[in-house]
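# Structural data only, the sequence is not supplied:
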């Protein structure tokens, strides 16, 4: 005969074993290890100075002279003049060199006052192409303007194509002012280097790894000497990587 107390304890045990509350909990699925986070991309760095041109005067007085190779102070560079005005080419070029090294009010510069049409200039490094594709490539220049004139950046690629950018420079008509712009902010439009006229719409993408020449143009003819309409461009600096020729 089963003892009443033992029978009660046995019933409780059997109930507990059958109850879901006392059932064994299912094992948790094993989670796959999370992939390691990708390393953060390094912050872009500013390229160093690729080249600088500050212009060299023909004489100690800095008198006005037609632009020529003698006015290029950087031995790695050569200057070229562009525009439909036939007077821009040759030893009596309408593009002039002017100013003196010790005259802060009139530093060495190129003067467009006698350009009878749109005109511009570009500098070419004889040893290497400029690589303007880096995100923080930039160009600095010292300018003074007259009237409503501005200068627009122009580039020649290694394949011979020319482009003008939509970042006009020339913040002051009162004094020489240094300005700069990021190349990544520029929208480029193809141009004819002989006429300096634009051709087509801005391009979406442009390979800037091999830039042969860099300079500036004014799309308007100048007004002669005296206030009215012209550009003065002093030093030009290009901050970029480079690719050997």
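Looks like it came in fine. Remember, it's a predicted structure, so these values are computed and weren't measured experimentally. Numbering: from 1, shown residues only.
# Could you give the separation between the terminal residues of stretch 179-194?
One end of stretch 179-194 sits 27 Å from the other (C-alpha to C-alpha, to the nearest Å).
# Give me the distance between the residue nearest to the spatial centre of the chain and residue 208.
Ranked by distance to the mean C-alpha position of the chain (C-alpha atoms, centre = their mean), the top residue is residue 183 at 1.5 Å. Distance from residue 183 to residue 208, counting by C-beta to C-beta, to the nearest Å: 7 Å. C-beta here means a position set from N, CA and C on the backbone, and glycine is covered the same way.
# overlap in contacts of these two?
Shared contacts of residue 183 and residue 208 (C-beta atoms under 8 Å, 6 or more residues apart in numbering): 132, 137.
# coming back round to it: who are the neighbours in contact with the residue nearest to the centre of the chain?
Residue 183 touches 132, 137, 138, 139, 208, 240, counting by C-beta under 8 Å, 6+ apart.
# Out of the residues you listed, which comes closest to residue 51?
In terms of C-beta to C-beta, no member of the contacts of residue 183 lies closer to residue 51 than residue 240, at 8.9 Å.
# who's in contact with that closest one?
47, 50, 130, 131, 132, 134, 137, 183, 211 are the contacts of residue 240 under C-beta under 8 Å, 6+ apart.
# And stretch 167-174, end to end?
20 Å.
# what about it, distance to the chain center?
17 Å (C-alpha atoms, centre = their mean, to the nearest Å).
# List of residues touching it?
By C-beta under 8 Å, 6+ apart, stretch 167-174 touches 141, 143-147, 149-153, 177, 179, 181, 185-186, 216, 231.
# Restricted to strands, list those residues.
Within those, membership in strands is found for 141, 143, 144, 145, 146, 152, 153, 177, 179, 181, 216, 231, as judged by DSSP state E.
# next structured bit after the least confident helix or strand in the chain by mean pLDDT?
Using mean pLDDT, DSSP states H and E, helix 4-18 stands out as the lowest-scoring helix or strand of the chain, at a mean of 46. Going down the chain from helix 4-18, the next helix or strand is strand 49-53, by DSSP states H and E.
# mean confidence for the helix or strand following that following strand?
Proceeding N to C from strand 49-53, the next assigned helix or strand is strand 65-66, under DSSP H and E. Average pLDDT, strand 65-66: 94.
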